[in-house]
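>>> Okay, structure incoming, though there's no sequence with it:
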């Protein structure tokens with residue numbers, strides 16, 4: 001099967017459509033309530049920082065005419081030259097301003113995702129289990145609820161260590177290549193998409209108690225599909241209000257992506273029905 005970013009985007013949309021199924025509604029209510037409470041809290045924090053951000057962007061983009069009447073001829077020449085250079089490179093100021101706004105939204109969406117994923121992890125595990133049962137007719141192995149809760153929380157902390165550790169590496173590379181502007185932007189986008197894919201495709205594999213390293217191998221089978229899914233989730237999380245509903249859709253979509261696009265014969269939970277789905 002080919003790897004295509006459109007497959008990943010379609011998986012998120014499929015997850016959103018799956019949420020309309022009556023069988024899944026009881027497993028969506030609690031994550032949505034958690035998202036709503038955190039959305040209000042984090043949005044309040046974000047709005048408190050808007051004034052500082054607006055002031056910075058205003059200073060970056062403002063360009064006032066230079067008054068050279070009371071300057072000596074050489075100072076007037078230097079001021080005029082500086083004003084000319086500012087006009088020529090004004091596009092760079094706009095580019096930096098756009099990147100600052102996107103980074104601000106990225107941090108907002110990323111923090112929102114980290115906090116909600118840790119708190120809602122057990123509920124997301126239940127949702128992924130029901131989605132798998134709905135798509136394949138077969139549920140993951142049964143497990144006591146208490147054990148499942150502690151295991152999923154431990155898994156979230158494992159993913160968080162991975163995100164922070166490699167995220168610092170990406171940050172250092174971005175700092176050393178910041179003069180190019182585009183390299184840090186591309187690295188950040190790819191890393192964010194990879195993290196989102198790991199976060200939400202992990203739930204069905206974790207329900208089968210598969211190791212974290214196996215998850216990464218599964219995602220690397222279809223790199224473009226993986227990044228398409230993660231990128232779509234990341235962009236949706238950056239949009240206020242929409243990000244309230246993204247998490248359950250991403251859990252359902254990540255489960256569907258694993259079952260229908262990423263899973264191969266011999267993987268946990270594979271049966272003839274899922275093999276047929278992969279060959280569609």
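All right, it came through fine. Source: prediction; values computed, not measured.

>>> how close does residue 239 sit to residue 257?
With the distance defined as C-beta to C-beta, to the nearest Å, residue 239 ends up 21 Å from residue 257. For the C-beta atoms, the positions are set from N, CA and C on the backbone; glycine is no exception.

>>> Hmm, I typed the wrong one, I wanted residue 130.
Taking C-beta to C-beta, one finds residue 130 at 16 Å from residue 257.

>>> With residue 30 instead?
Residue 30 sits at a distance of 23 Å from residue 257 (criterion: C-beta to C-beta).

>>> still on that earlier bit, residue 130 and residue 257 - which one has more neighbours?
Neighbour totals were compared for residue 130 and residue 257, and residue 257 leads with 30 against 20 (other C-beta atoms under 10 Å).

>>> For that one, list the residues it contacts.
Applying C-beta atoms under 8 Å, 6 or more residues apart in numbering to residue 257 gives the contacts 7-8, 11, 201, 225, 229.

>>> before we move on, what about residue 163?
114, 195, 198.

>>> Please flag which of those sit within helices.
Within those, residues falling in helices by DSSP state H are 114, 195, 198.

>>> Ranking by neighbours, what's the top pick from those?
Neighbour counts for the ones in helices among the contacts of residue 163 (other C-beta under 10 Å) peak at residue 195, which has 22 neighbours.

>>> pretty sure that residue is touching residue 230, no?
Yes: the pair residue 195 / residue 230 is scored as a contact, 6.9 Å apart, by C-beta atoms under 8 Å.

>>> secondary structure class for residue 220?
helix (DSSP: H, G, I helix; E, B strand; the rest coil).

>>> my guess is it meets residue 227, correct?
No: look at residue 220 against residue 227 with C-beta under 8 Å: they stay out of range, at 10.7 Å.

>>> Out of these two, name the residue with the larger neighbour count.
Between residue 220 and residue 227, counting by other C-beta under 10 Å, residue 227 is the more crowded of the two (22 against 12).

>>> quick one, what contacts that one?
Residue 227 makes contacts with 5, 8, 190, 193-194, 197, as judged by C-beta under 8 Å, 6+ apart.

>>> Would you show me how to pick out the buried ones of these in ChimeraX?
A single ChimeraX command is used to select the members of the contacts of residue 227 judged buried by 16 or more other C-beta atoms under 10 Å:
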select :5,8,193,194,197
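
>>> element containing the most centrally placed residue in the chain?
Centroid check for the chain by C-alpha atoms, centre = their mean gives residue 234 as the closest residue, at 2.9 Å. If you go by DSSP states H and E, residue 234 is part of helix 223-237.

>>> In that helix, which residues are buried?
The neighbour-count check on helix 223-237 (16+ other C-beta under 10 Å) flags 225-237 as buried.

>>> now stretch 214-222
Neighbour count says stretch 214-222 has 215, 218-219, 222 buried, by 16+ other C-beta under 10 Å.

>>> what's the angle from the helix or strand harbouring residue 14 to helix 223-237?
For residue 14, the enclosing helix or strand under DSSP H and E is helix 5-18. With axes from the mean of the first three to the mean of the last three C-alpha atoms, to 10 degrees defining the directions, helix 5-18 sits at 50 degrees from helix 223-237.
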